[in-house]
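Student: got a sequence here, can you model it:
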Amino acid sequence: MNKKSESDKPIPSADDRATPETFRSLTAVQKRCGIAAWLGWLFDGLDSYLYVLVAAPFVAMLMHTTEKDPTVGTHASYIQAAFLVGWAFGGAVFGWVGDRFGRSRTMALTILTYALFTGFSAFAWNWQALLVFRFISALGIGGEWAAGSSLVSETWPKSWRPWVSAALQSAYQCGIVLATITQFLFAGRSPQWVFLVGAAPALLTFWIRRQIPEPEEWHAAKADHKEKELGMLALFQGEVLKTTLLTVAVCSVALTTVWAYLFWFPQHLRKLPDVASMTKTDRDHYIALASALAMVVAIFGNFFAATLARKFSYRIATGVMFLGGLISLYVTYGPSGPKDHISILFYAPWAHFFVQGVFGLFPLYVPPLFPTLLRTKGAGFSYNVGRLVAAIGTVVFGLWIPVKDFAGISHALTMVGMVYIPGLFIAFIIPEPEKHLAIAAP
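Tutor: Presented below is the predicted three-dimensional model:
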């Protein structure tokens, strides 16, 4: 009989009756699962933000025009919207794959998908081809989020969830920092070549398939339901329905604001009067450094949100972060907001602290809300449907509000913050993850 490889042995479920107190006391397999998910999220951030940093110059190059052409911003927002739509569909499609075939297998497949098609973006011959490549790469990124977070939630102790959730989200922001470093190093060169760096994560998939087994909880759930395949409709039946609708609502608010902000933040910096007068290389350097600073501050926001969730509840943590986002966006981009490239570096990071920081809650908050065999579907669907709303928001702010100049983008970002007003009401009725949901009978 052949000896089972490490990746064939199920990972025992986490047991809080013997919760490890330190990282060193975790099992080797738990550590590898955490590292794999962290790296997957790191490269998610890298590959998703490379385009944002070079959107205007790259789209202008593909359209054979200049960045001042107003149609550049419109087509750039179409590409970003397609990326967000792909992210949403990826979460749903690979969510089904993850529940049917396993978390580890799905992680490897999704990482390979987004790495290859991010690399292909470097060879786009027009803006339509770039849109297609970004859409397909987003399918992988959306699927990796759901698979990675489900893997960790099923293998790490429950009491660690707030901190591990913040750490996973911080990996995404570290990936954005890597993207800004890439842009800094490529400053002054053709913007297309930054996408080749995004192909590097493909190598991670070989290690995942050899070293990361499927969780025991997933194997047990598959055995219990081997006669019944749970489809997407199960998310809209019985007790699960309310959870699905509320999770979609809160994620839609958070994702609409964060992606409108992440996309228009560097565009706003480019339009600052004193930045617009810089040379191209100096402008690229400034935007890279400002973006890196914002991401570092956002990481602290992740752990601040996790602290609130651990001390109080996820409802209170979400409400505080939404309120902070509303206030900080208005202060930064409202009529009295900063107008020069030095002052903006004091105000804008606070907006990132709240707008991005709330996502420190979601990686290990959303999956445990759903039953095991709906976990990756539920996380992928509920979280990523919000990206469809965010995609619409990106296009709306690019068309409905004149964003061709500094004042227009400032107004758009002020309006983005208004989305948090209904979000505050939703935050105080969202479910807490302790309750176990029963799957409705077919």
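Student: C-alpha from now on. contacts and neighbour counts both.
Tutor: OK.
Student: for the protein, which segments count as strands?
Tutor: Using DSSP state E, the chain contains no strands.
Student: can you pull out the low-pLDDT segments for the chain?
Tutor: 1-23, 98, 206, 209-210, 217-231, 393-406, 408, 434-442 (pLDDT under 70).
Student: ok, longest helix in it?
Tutor: Longest helix in the chain, counting residues (DSSP state H): helix 28-62.
Student: report the buried residues of that helix.
Tutor: For helix 28-62, burial by neighbour count (16 or more other Cα atoms under 10 Å) applies to 29-34, 36-62.
Student: OK, contacts around residue 385?
Tutor: 88-89, 248, 252 (Cα atoms under 8 Å, 6 or more residues apart in numbering).
Student: got the residues you listed as CSV, with distance to residue 145 columns?
Tutor: Below are the contacts of residue 385 laid out as CSV (distance: Cα to Cα, whole Å):
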residue, distance to residue 145
88, 11
89, 12
248, 15
252, 16
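Student: which ones among the residues you listed map onto helices?
Tutor: Per DSSP H, the contacts of residue 385 map to helices at 88-89, 248, 252.
Student: drop anything exposed from those residues.
Tutor: 88-89, 248, 252.
Student: list just the nearest of those residues to residue 154.
Tutor: residue 248 (21.6 Å; Cα to Cα).
Student: not counting sequence-adjacent ones, nearest residue to the closest one?
Tutor: Sequence neighbours aside, residue 382 is the residue nearest to residue 248 in space, at 4.5 Å (criterion: Cα to Cα, 6 or more residues apart in numbering).
Student: what about that neighbour, neighbour count?
Tutor: 28 (other Cα atoms under 10 Å).
Student: need the contact list for it.
Tutor: 244-245, 247-248, 251.
Student: again, only using 7 Å
Tutor: For residue 382, the contact set (Cα atoms under 7 Å, 6 or more residues apart in numbering) comprises 244, 247-248.
Student: quick check: it vs residue 89, distance?
Tutor: Noted for residue 382: a distance of 11 Å to residue 89, by Cα to Cα, to the nearest Å.
Student: next: residue 109.
Tutor: In this view, residue 109 and residue 89 are 15 Å apart by Cα to Cα.
Student: now swap in residue 190 and tell me
Tutor: 31 Å.
Student: what of residue 130?
Tutor: 18 Å.
Student: can you check residue 343 too?
Tutor: Relative to residue 89, and taking Cα to Cα, residue 343 is found at 39 Å.
Student: same deal with residue 204?
Tutor: 23 Å.
Student: what of residue 140?
Tutor: Going from residue 140 to residue 89 by Cα to Cα gives 9 Å.
Student: repeat for residue 123
Tutor: Counting by Cα to Cα, the gap from residue 123 to residue 89 is 24 Å.
Student: how about residue 243?
Tutor: For residue 243, the distance to residue 89 (Cα to Cα) stands at 20 Å.
Student: same thing with residue 197?
Tutor: From residue 197 to residue 89 the distance is 25 Å (Cα to Cα).
Student: residue 433 too?
Tutor: For residue 433, the distance to residue 89 (Cα to Cα) stands at 25 Å.
Student: what's the burial count for residue 64?
Tutor: Neighbours of residue 64 (other Cα under 10 Å): 10.
Student: how near is it to residue 267?
Tutor: 19 Å.
Student: please identify which of the contacts of residue 382 is nearest to residue 167.
Tutor: residue 247 (21.0 Å).
Student: wait, what's in contact with the closest one?
Tutor: 382, 430 are the contacts of residue 247 under Cα under 7 Å, 6+ apart.
Student: right, and residue 116 touches residue 200 too?
Tutor: No - with contact defined as Cα atoms under 7 Å, residue 116 does not count as touching residue 200 (8.5 Å).
Student: the two: who's more crowded?
Tutor: For residue 116 and residue 200, the more surrounded residue by other Cα under 10 Å is residue 116, and the numbers stand at 21 against 16.
Student: which helices and strands sit right next to the longest helix of the chain?
Tutor: Judged by 3 or more Cα pairs under 7 Å, 6 or more residues apart in numbering; DSSP states H and E, helix 28-62 is in contact with helix 70-101, helix 127-153, helix 161-185.
Student: make JSON lines from these and add distance to residue 291 to it.
Tutor: Putting the helices and strands packed on helix 28-62 into JSON lines (distance: least, Cα to Cα, whole Å) gives the following:
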{"stretch": "helix 70-101", "distance to residue 291": "18"}
{"stretch": "helix 127-153", "distance to residue 291": "21"}
{"stretch": "helix 161-185", "distance to residue 291": "7"}
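Student: which of the ones you listed is buried the deepest?
Tutor: Highest mean neighbour count of the helices and strands packed on helix 28-62: helix 127-153, a mean of 27 (counted as mean count of other Cα atoms under 10 Å).
Student: who are the packing partners of that one?
Tutor: When contacts are defined as 3+ Cα pairs under 7 Å, 6+ apart, helix 127-153 sits against helix 28-62, helix 70-101, helix 103-120, helix 375-399.
Student: next, format those helices as a markdown table and append distance to residue 423.
Tutor: Below are the helices and strands packed on helix 127-153 laid out as a markdown table (distance: least, Cα to Cα, whole Å):
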| stretch | distance to residue 423 |
| --- | --- |
| helix 28-62 | 25 |
| helix 70-101 | 20 |
| helix 103-120 | 31 |
| helix 375-399 | 13 |
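Student: figure out which of those helices is closest to residue 302.
Tutor: helix 28-62 (14.2 Å).
Student: residue 366 reaches residue 379, doesn't it?
Tutor: Yes - assessed by Cα under 7 Å, residue 366 is found in contact with residue 379 at 5.7 Å.
Student: quick one: which of those two has more around it?
Tutor: Neighbour count, other Cα under 10 Å: between residue 366 and residue 379, residue 379 has more, with 32 against 28.
Student: show me where the stretch 151-300 of the chain has its helices.
Tutor: Here the stretch 151-300 of the chain has its helices, by DSSP state H, counting those that start in this stretch, at 161-185, 194-197, 204-211, 216-224, 240-271, 273-276, 280-311.
Student: which helices and strands sit right next to the second one?
Tutor: For helix 194-197, the elements it packs on are helix 103-120, judged by 3+ Cα pairs under 7 Å, 6+ apart.
Student: ok, residues contacting the helix it packs on?
Tutor: Helix 103-120 is contacted by residues 40, 47, 94, 97-98, 133-134, 136-138, 140-141, 143-144, 147-148, 151, 195-196, 198-202, 205, 208-209, 212-214 when judged by Cα under 7 Å, 6+ apart.
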